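**Q** the following block contains a protein sequence and its predicted model.
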Amino acid sequence: MQPFHLAFPTANLEKTSAFMTDVIGASIGRTSERWVDFDFFGHQITSHLVDDMDEAAKNPVDGQQVPAFHFGIIMQWDDWQALAGRVDAKGVPFEIGPYIRFTGEVGEQGTFFIREPGSNTALEFKTFRNFDQIFAA
């Protein structure tokens, strides 16, 4: 799989950097006064300092209000559970707490959402019981 690149805004690079390294476990790459690159599970994400942050829209999914703009990673089941535990232990509030969707069906998956505190950007962390079903309809 090829690494992707994603850029997102932040109002506070220090908070974003601390969250990404201390909570998520990302490492820092190149930096400047107005942006920081992170190694996000082998992918390059960049947070750009902005002076104005807009409120993000939400969309109803499974009875939850899912942030319409979000990004994340699909992890192995045990790694997903470990990250959910680390997020909880660090006192990071869940936007949508860990839960299992499509239990016993094709595409059974776990998901949770948190917000990165420097930008309020929503991050989704997912896992699948069977990775062959990631794109199953």
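**A** Everything's here; your move.

**Q** which SS state does residue 60 fall under?
**A** Secondary structure assignment for residue 60 (DSSP: H, G, I helix; E, B strand; the rest coil): strand.

**Q** which ones are touching it?
**A** residue 66 (CB atoms under 8 Å, 6 or more residues apart in numbering). All C-beta spots, glycine's among them, are computed from the backbone N, C-alpha and C.

**Q** kindly state the pLDDT recorded for it?
**A** Note on residue 60: pLDDT of 86.

**Q** likewise for residue 43?
**A** On the pLDDT scale, residue 43 gets 96.

**Q** packing partners of the helix ranked longest in the chain?
**A** Of all the segments assigned as helix in the chain under DSSP state H, the longest by residue count is helix 77-89. Packed against helix 77-89 by the contact rule (3 or more CB pairs under 8 Å, 6 or more residues apart in numbering; DSSP states H and E) you find strand 94-101, strand 109-116, strand 121-128.

**Q** dump those strands to a markdown table, plus distance to residue 17.
**A** Below are the helices and strands packed on helix 77-89 laid out as a markdown table (distance: least, CB to CB, whole Å):
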| stretch | distance to residue 17 |
| --- | --- |
| strand 94-101 | 20 |
| strand 109-116 | 10 |
| strand 121-128 | 13 |
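
**Q** same list, these, but as TSV with mean pLDDT please.
**A** Converted to TSV, the helices and strands packed on helix 77-89 look like this (pLDDT from 0 to 100):
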stretch	mean pLDDT
strand 94-101	96
strand 109-116	96
strand 121-128	96
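
**Q** please produce JSON lines containing those strands, extended by distance to residue 70 and mean neighbour count.
**A** Shown next, in JSON lines, are the helices and strands packed on helix 77-89 (distance: least, CB to CB, whole Å; neighbours: other CB atoms under 10 Å):
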{"stretch": "strand 94-101", "distance to residue 70": "9", "mean neighbour count": "15"}
{"stretch": "strand 109-116", "distance to residue 70": "7", "mean neighbour count": "21"}
{"stretch": "strand 121-128", "distance to residue 70": "4", "mean neighbour count": "20"}
